[in-house]
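J.: Could you work out the structure for the sequence below:
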Amino acid sequence: MIGQLFTTFINVLIPVFGVVLAGYVAGPKLRLDARTLSRVSYYVFMPAFVFATISQTKVEIGLAAKMVVYIVAVHVACAALGYMVAKLIGHMPDMIAAYVLIAVFGNIGNFGLPLIGFKLGQPGLAHATVYFVVINVTAFAIGVAAASWARGGKINAILSVFKTPALIAFLPAALLWTGDVELPLFLSRLIALLRDATIPVMLVTLGVQLAEVGKPEINFDVITASGIRLLGGPILAAILVIPFGLTGLARGAGILQASMPPAVLTSIIAIEYDLVPKFVTTTVLFATLTSLITLTIIISLV
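T.: Residues are numbered from 1 along each chain as shown. Below is the predicted model:
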């Protein structure tokens with residue numbers, strides 16, 4: 001078991017964290033702008049990645065539909081867990097909403113996709129990309145709704161999720177997936193080049209983003225919220241996968257995506273809504289570092 005954990009750590013986690021570390025070190029030294037990098041990833045690379053992966057995926061429609069319902073159920077359960085724990089602790093609405101945001105918004109793109117690619121290969125990456133699109137919609141809707149509830153504001157921002165480039169790219173990709181259509185060679189090569197650049201750029205971007213967070217100040221809430229995301233997510237995913245009857249790559253990719261640390265995007269939402277941003281940002285950094293341990297164990301078990 002120890003040997004398997006060590007092999008997983010070296011061959012799966014270290015390559016991914018190594019690229020993140022490169023961004024973490026290079027960011028301040030080269031004065032890289034995390035916002036610019038993230039916007040390029042968001043608007044250029046990720047849509048191409050989603051389009052290329054989904055259009056070439058071998059996931060059956062019936063299985064994909066089951067995966068969609070499953071992963072939505074998992075993240076609703078994660079949100080409920082975050083809400084209940086924060087409520088039991090006796091927190092005010094802003095902290096409760098922050099707990100929900102952290103619980104539901106894992107780093108399934110920058111982090112989840114490359115890790116699953118290393119562990120499960122290209123077929124597993126196709127399943128993970130389906131989950132990526134669905135989780136993005138679900139997490140964004142729940143997260144913004146929680147933030148709006150805490151601030152007594154409107155939740156119209158939830159509708160903006162349907163304008164995200166990755167989701168827009170998913171629709172034509174799904175048509176190619178279900179039909180018998182081939183892209184012109186020049187276009188398929190263009191998309192392939194962007195797809196291949198996506199994961200390295202996203203990992204470097206994550207490192208630059210984390211470098212901007214600064215030194216974390218750890219307290220009880222940071223540890224608790226991190227535990228909900230890093231342990232509660234995979235446990236709920238492993239439990240809920242049973243009634244859905246998912247096996248193989250669909251099961252493994254779903255559990256792994258639910259195991260990811262909170263995304264840096266949670267900090268952006270927290271800042272936008274003035275939702276205890278220091279706590280959320282600290283938790284993102286702490287949970288990302290702690291996930292070296294939790295993900296090593298979970299990846300070995302999946």
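
J.: and the residue nearest the centre of the chain, what does it touch?
T.: The residue lying closest to the centre of the chain (Cα atoms, centre = their mean) is residue 108, at 1.9 Å. Residue 108 is in contact with 128, 131, 132, 135, 136, 257, 260, 263, counting by Cβ atoms under 8 Å, 6 or more residues apart in numbering. In this view, the C-beta of every residue, glycine as well, is placed from N, C-alpha and C.

J.: who wins for neighbours among those residues?
T.: Counting neighbours by other Cβ atoms under 10 Å, the top entry in the contacts of residue 108 is residue 257, with 31 neighbours.

J.: isn't residue 87 right up against residue 96?
T.: Yes. Using Cβ atoms under 8 Å, residue 87 is in contact with residue 96, at 6.1 Å.

J.: out of the two, which sits in the more crowded spot?
T.: Higher neighbour count among residue 87 and residue 96: residue 96, with 21 against 13, using other Cβ under 10 Å.

J.: Run a quick neighbour tally on the spatially closest residue to that one that is not a sequence neighbour.
T.: Excluding its sequence neighbours, the residue lying closest to residue 96 (Cβ to Cβ, 6 or more residues apart in numbering) is residue 86, at 4.2 Å. Other residues within reach of residue 86 by the criterion other Cβ under 10 Å amount to 24.

J.: in what helix or strand does residue 3 lie?
T.: Per DSSP states H and E: residue 3 is located in helix 2-8.

J.: Any regions of the stretch 1-150 of the chain where pLDDT drops low?
T.: 1 (pLDDT under 70).

J.: quick one: contacts for residue 297?
T.: Residue 297 touches residue 5, counting by Cβ under 8 Å, 6+ apart.

J.: So which bits of the strand or helix carrying it are buried?
T.: Assigned by DSSP H and E, residue 297 falls within helix 277-301. Buried positions in helix 277-301, judged by neighbour count with 16 or more other Cβ atoms under 10 Å: 277, 279-288, 290-291, 294-300.

J.: Hmm, residue 293 and residue 13 touching each other?
T.: No. The criterion here is Cβ under 8 Å, and residue 13 misses it with residue 293 at 9.5 Å.

J.: can you give me the strands for the stretch 1-150 of the chain?
T.: In the stretch 1-150 of the chain, no strands are defined using DSSP state E, counting those that start in this stretch.

J.: contacting residues around the closest residue to residue 149 other than its chain neighbours?
T.: Using Cβ to Cβ, 6+ apart and skipping residues adjacent in sequence, the residue nearest residue 149 is residue 97, 6.3 Å away. Contact analysis of residue 97 by Cβ under 8 Å, 6+ apart lists 146, 147, 149, 150, 275.

J.: Buried by neighbour count, from the residues you listed: which ones?
T.: With burial judged by 16+ other Cβ under 10 Å, the buried subset of those is 146, 147, 150, 275.

J.: out of the residues you listed, who's nearest residue 174?
T.: residue 146 (29.0 Å; Cβ to Cβ).
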